[in-house]
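In: No letters, just coordinates:
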C-alpha cells in the first residue's frame, strides 16, 4: 500500500473529507489530493507528522512498510 492509498484509507475510516483533514493537519488540500491520487509519493517530515497526528496514527503507521521495489532500487 502506498502512502497515498494509506492516507485515503485512514481519512475515510475517520470519516473526514480532504478539506477537513487539510484543516486538521494544517496543510493545503491539493497536497492531500495529489498524494491520494499517486501523483506525488512523498512529503516533508513535518507534513507527514501533521497528517499522522490529524489521523490519530503514528508516523510509522502512516508511512507503512517500505515497498519492495523501493528497497531493491536503493531508495529505502
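Out: Looks like it came in fine. Everything numeric here is computed off the predicted structure, so don't read it as measured data.

In: how close does residue 18 get to residue 40?
Out: To residue 40, residue 18 is 14 Å away according to CB to CB, to the nearest Å. Just so you know, the C-beta spots here come from the backbone N, C-alpha and C atoms, and that holds for glycine as well.

In: quick one, which of these two is more surrounded?
Out: A count of neighbours by other CB atoms under 10 Å puts residue 18 above the other of residue 18 and residue 40, at 17 against 14.

In: Name the nearest residue to the more buried one, ignoring sequence neighbours.
Out: Spatial nearest neighbour of residue 18, excluding adjacent residues (CB to CB, 6 or more residues apart in numbering): residue 32 at 4.7 Å.

In: okay, now the one you found: neighbour count?
Out: For residue 32, the count of nearby residues is 24 (other CB under 10 Å).

In: looking at it, it is touching residue 7, isn't it?
Out: Yes - judged on CB atoms under 8 Å, residue 32 makes contact with residue 7 at a distance of 6.9 Å.

In: now stretch 14-28: mean pLDDT?
Out: Regarding stretch 14-28, the rounded mean pLDDT is 97.

In: and it, how far apart are its ends?
Out: End-to-end span of stretch 14-28 (CA to CA, to the nearest Å): 19 Å.

In: what's the helix or strand for residue 27?
Out: According to DSSP states H and E, residue 27 maps onto no helix or strand at all.

In: could you list every residue that touches the closest residue to residue 19 other than its chain neighbours?
Out: Leaving aside its chain neighbours, residue 19 sits nearest to residue 29 (5.5 Å; criterion: CB to CB, 6+ apart). Residue 29 makes contacts with 18, 19, 22, as judged by CB atoms under 8 Å, 6 or more residues apart in numbering.
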